[in-house]
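# Quick one, structure for this:
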Amino acid sequence: MITKENNKERMCSFYASEFHLEMIILPYINKEMEENKKIIIITEENLEDSIKVLVSKINLEESRKRKILSLDWNNNYIEKIEDLKSKNYNEICIIVNGTEKFIEDINYILEETKLKDKINILNCYKIDDIKNHMQDIVLKHKKVLNTSGIQKI
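All right, here's what the predicted structure looks like:
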């Protein structure tokens, strides 16, 4: 049985704008889709409009674009967390985006939710919001996702 302590892996990422965030996470999402992982976007702000614009401009197969757009990019995070509690998935990739407090609150909820699934959590912080304590945030995670890919800490 997988215990609560070893079934969650946390990564972090930092971005300057919504488009920058989406450009960083799209290759990661694409890789996770190839591995047939369930992808859940938990975001404080609705990203649906900006992801539509971005996906329309990138060079990807139409079927992959449709899959990316079919992910729920809205900020209905309460429904998404309830869905996590009610279903069993083998492997889940959860992307959490918002203010530092929002990310902390969602991570607390995910920690308290006893999920049996293997979960990768990617916490995405806006650089302007965290300013001088980026180093502290990095040290709380095992890996960092940036434009060159995933880096172990």
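# where do the strands sit along this protein?
Secondary structure of the chain (DSSP state E): strands at 8-15, 38-43, 91-97, 118-126, 143-146, 149-152.
# can you put those in TSV and add distance to residue 57?
C-beta coordinates here come from the backbone N, C-alpha and C atoms, glycine included. Output for the strands of the chain, formatted as TSV (distance: least, C-beta to C-beta, whole Å):
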stretch	distance to residue 57
strand 8-15	18
strand 38-43	19
strand 91-97	20
strand 118-126	21
strand 143-146	21
strand 149-152	21
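# Now render those as JSON lines, adding mean neighbour count and mean pLDDT.
Below are these laid out as JSON lines (neighbours: other C-beta atoms under 10 Å; pLDDT from 0 to 100):
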{"stretch": "strand 8-15", "mean neighbour count": "20", "mean pLDDT": "92"}
{"stretch": "strand 38-43", "mean neighbour count": "22", "mean pLDDT": "95"}
{"stretch": "strand 91-97", "mean neighbour count": "23", "mean pLDDT": "94"}
{"stretch": "strand 118-126", "mean neighbour count": "21", "mean pLDDT": "93"}
{"stretch": "strand 143-146", "mean neighbour count": "18", "mean pLDDT": "93"}
{"stretch": "strand 149-152", "mean neighbour count": "11", "mean pLDDT": "88"}
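# Residue 28: which of those strands is closest?
strand 143-146 (5.8 Å; C-beta to C-beta).
# elements contacting the closest one?
Applying 3 or more C-beta pairs under 8 Å, 6 or more residues apart in numbering; DSSP states H and E, we find strand 143-146 packed against strand 8-15, helix 18-34, strand 149-152.
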